[in-house]
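K.L.:
Build me a model:
(chains A, B, C and D)
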There are 2 protein chains.
Amino acid sequence: MSDQGRPYAGASREEREYARREQLVAAGISLFGTQGYRAATVGAVCQEAGLNKRYFYESFATLEDLLCEVYERVVADLRGSVLAGGGDDPSRVLHGFMAGFLTWAQANPVMARVHLFEVLGVSERVDELYRSHGRTIGDELASRLSATVTGPQLTAGQQRVLGDVLIGAGLQMAVDWVISEYQPPRDELLNEIDATLGWVLAAGLAALG
Amino acid sequence: MSDQGRPYAGASREEREYARREQLVAAGISLFGTQGYRAATVGAVCQEAGLNKRYFYESFATLEDLLCEVYERVVADLRGSVLAGGGDDPSRVLHGFMAGFLTWAQANPVMARVHLFEVLGVSERVDELYRSHGRTIGDELASRLSATVTGPQLTAGQQRVLGDVLIGAGLQMAVDWVISEYQPPRDELLNEIDATLGWVLAAGLAALG
DNA sequence: CCTTTCTGGTACGAAGTCGTACCAGTTTGC
DNA sequence: GCAAACTGGTACGACTTCGTACCAGAAAGG
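P.N.:
Modelled structure (predicted):
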């Protein structure tokens, strides 16, 4: 009756399915990152991918499933840029984090839109995925910072607080920066961040006596 | 032909319209804050308000318009709790801000859900409203902090950075806390935040020499 | 008491998307 | 070549919500 998978165009069934899935993911990143997830439909994604609507359901059950896969790719790309550099100085770790984040956001505006705007408030499931990735990166950053300091280590609760602060502050600054169309320029903003951190430390020192 | 507004049930036409509008707003807060905005429909809001669907369009053109009005009420309520207390000590200003935020979130879980989750990613317009309120509160906080310090004042750019950091960090901690069902208890979390702030200051000072 | 307006429930067409099915044309293995 | 399977385009019903309209009953003024 049916071969149930025979070579076609020099590729096996699995290879063709995988290629189509990748086309859908690429189309998803492009569409979600330019028109927005809320404006996207299954039909539009397939048109962008150059595939028939039938092939969408071959790889994904819903548009939200595609968004999750797209978001995984985006976060993987971001992680590489943000957690790449090391550093044994706390302010250098922080600076490297924000520099990596801002550089990535400006170099990949489409992915940045997905990460900073489009995944928000889609569903409980996507929200949970978003928070999960944020917590992972925040924990990683906080433990790195903790490791650069010779004094007392952070407790688990304090590490979570520090992770929240770093992720929340970084996201807010990145969103604000993208909204203002990357003004002021990256290096100028990084200098302002450093200066603000210095101001806070000085103020904290004065308050502590 | 038509009186175009005659007393009914002891209230004029304007009074009845106003009362119905308030009922819709209350129903919106309740529904958006429990079932979620995305699960809400015009019909459900009217049912919750005990009004006919026709009266919805008497006060609002779309469900999103109601969400904007609901959000204005929520932010006004939050502002009162967060910016109420003064303080001439930077750490006291920060502590008062987070204490007010957490207290408000726990005392008003329905409004907190609207502010922390439901307004996110609804539309460009609601996003802009959200960012606008966040920036306003962040600016207010940063300028208050700046005023408590005798040394050099913050530049406009640095004040914006500080506002972003405060709002972003505060929101992230509040979201995390609500998600974990208000664990650890408020006072314990506030102590952890204070301890983390102290740790950061100590680490920063050590790094600065 | 009687007319007029208001109220709330139900009904209905419009619009958009989903998910599937059909159908002609093409490519491959034999 | 030829049959079988694959591909892509179009079409279709199902479903949900919107926004409006209709209709019987209640409440108020004269």
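
K.L.:
Am I right that A:Tyr182 is in a helix?
P.N.:
No: A:Tyr182 is assigned coil when assessed by DSSP: H, G, I helix; E, B strand; the rest coil, not a helix.

K.L.:
what's the distance between the closest residue to A:Leu63 other than its chain neighbours and A:Gly28?
P.N.:
Using CB to CB, 6 or more residues apart in numbering or on different chains and skipping the chain neighbours, the partner closest in space to A:Leu63 is A:Val42 (5.7 Å). Glycine gets a C-beta too; all of them are placed from N, C-alpha and C. Plainly put, A:Val42 is 11 Å away from A:Gly28 if you go by CB to CB, to the nearest Å.

K.L.:
So for the two, which sits in the more crowded spot?
P.N.:
A direct count of neighbours by other CB atoms under 10 Å in any protein chain shown for A:Val42 and A:Gly28 places A:Gly28 higher, at 25 against 15.

K.L.:
Now stretch A:90-102: average pLDDT?
P.N.:
Stretch A:90-102 shows a mean pLDDT of 92 in the predicted model.

K.L.:
In which helix or strand does the residue nearest to the spatial centre of chain A reside?
P.N.:
Averaging the C-alpha coordinates of chain A gives a centre point, and the residue nearest to it by CA atoms, centre = their mean is A:Val75 (3.7 Å). Secondary-structure element containing A:Val75, defined by DSSP states H and E: helix A:63-82.

K.L.:
And that helix, how far out from the chain middle?
P.N.:
For helix A:63-82, the separation from the chain centroid amounts to 6 Å (computed by CA atoms, centre = their mean, to the nearest Å).

K.L.:
before we move on, back to that, give the contact list for the residue nearest to A:Leu63.
P.N.:
Remark: with contacts taken as CB atoms under 8 Å, 6 or more residues apart in numbering or on different chains, A:Val42 is in contact with A:Lys53, A:Phe56, A:Leu63.

K.L.:
What lies in contact with the helix holding A:Val75?
P.N.:
Helix A:63-82 is contacted by residues A:24-25, A:28-29, A:32, A:37, A:40-42, A:45, A:56, A:60, A:97, A:100-101, A:103-104, A:108, A:111, A:114-115, A:118-119, A:122-123, A:125-126, A:129-130, A:133, A:137 when judged by CB under 8 Å, 6+ apart.

K.L.:
for the next helix or strand after that helix, packing partners?
P.N.:
Proceeding N to C from helix A:63-82, the next assigned helix or strand is helix A:90-107, under DSSP H and E. Helices and strands in packing contact with helix A:90-107 are listed as helix A:63-82, helix A:109-113, helix A:124-148, helix A:156-179, helix A:186-208, helix B:186-208; criterion 3 or more CB pairs under 8 Å, 6 or more residues apart in numbering or on different chains; DSSP states H and E.

K.L.:
what's the closest of these to B:Ala174?
P.N.:
helix A:156-179 (9.1 Å; CB to CB).

K.L.:
Go through that closest one and flag the buried ones.
P.N.:
Neighbour-count burial for helix A:156-179, with 16 or more other CB atoms under 10 Å in any protein chain shown as criterion, is recorded at A:157-178.

K.L.:
Likewise for stretch A:17-37?
P.N.:
Judged by neighbour count using 16+ other CB under 10 Å, the buried positions of stretch A:17-37 are A:20-21, A:23-25, A:27-33, A:36-37.

K.L.:
Contacts made by stretch A:167-177 with the rest, please.
P.N.:
A:97-98, A:101-102, A:105, A:112, A:116-117, A:134-135, A:137-138, A:141, A:183, A:189, A:193, B:131, B:134-135, B:160-161, B:164-165, B:167-173.

K.L.:
repeat for stretch A:21-39
P.N.:
Under the criterion CB under 8 Å, 6+ apart, residues A:40, A:44-46, A:48-51, A:55-56, A:58-60, A:63, A:66-67, A:69-70, A:73-74, A:109-114, A:117-119, A:122, B:121, B:123 lie in contact with stretch A:21-39.

K.L.:
out of these, which are buried?
P.N.:
Buried, going by 16+ other CB under 10 Å: A:40, A:45-46, A:48-49, A:51, A:55-56, A:59-60, A:63, A:66-67, A:69-70, A:74, A:111-114, A:117-119, A:122, B:121, out of the contacts of stretch A:21-39.

K.L.:
where does chain A have low pLDDT?
P.N.:
Under the criterion of pLDDT under 70, the regions of chain A flagged as low confidence span A:1-6, A:208-209.

K.L.:
what's the domain layout of it?
P.N.:
In terms of domains, chain A is parsed into A:13-61, A:66-208 (source: automatic domain parsing).

K.L.:
and these as TSV, adding distance to B:Val82?
P.N.:
Formatted as TSV, the domains of chain A follow (distance: least, CB to CB, whole Å):
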stretch	distance to B:Val82
domain A:13-61	30
domain A:66-208	16
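
K.L.:
I'd like to know which of those lies nearest to B:Gly151.
P.N.:
Between B:Gly151 and these, the shortest separation by CB to CB is 6.3 Å, and it involves domain A:66-208.

K.L.:
any bit of that closest one sitting next to DNA strand C?
P.N.:
No: no part of domain A:66-208 sits near DNA strand C under the criterion CB under 7 Å from any atom of the strand; the closest distance found is 10.1 Å.
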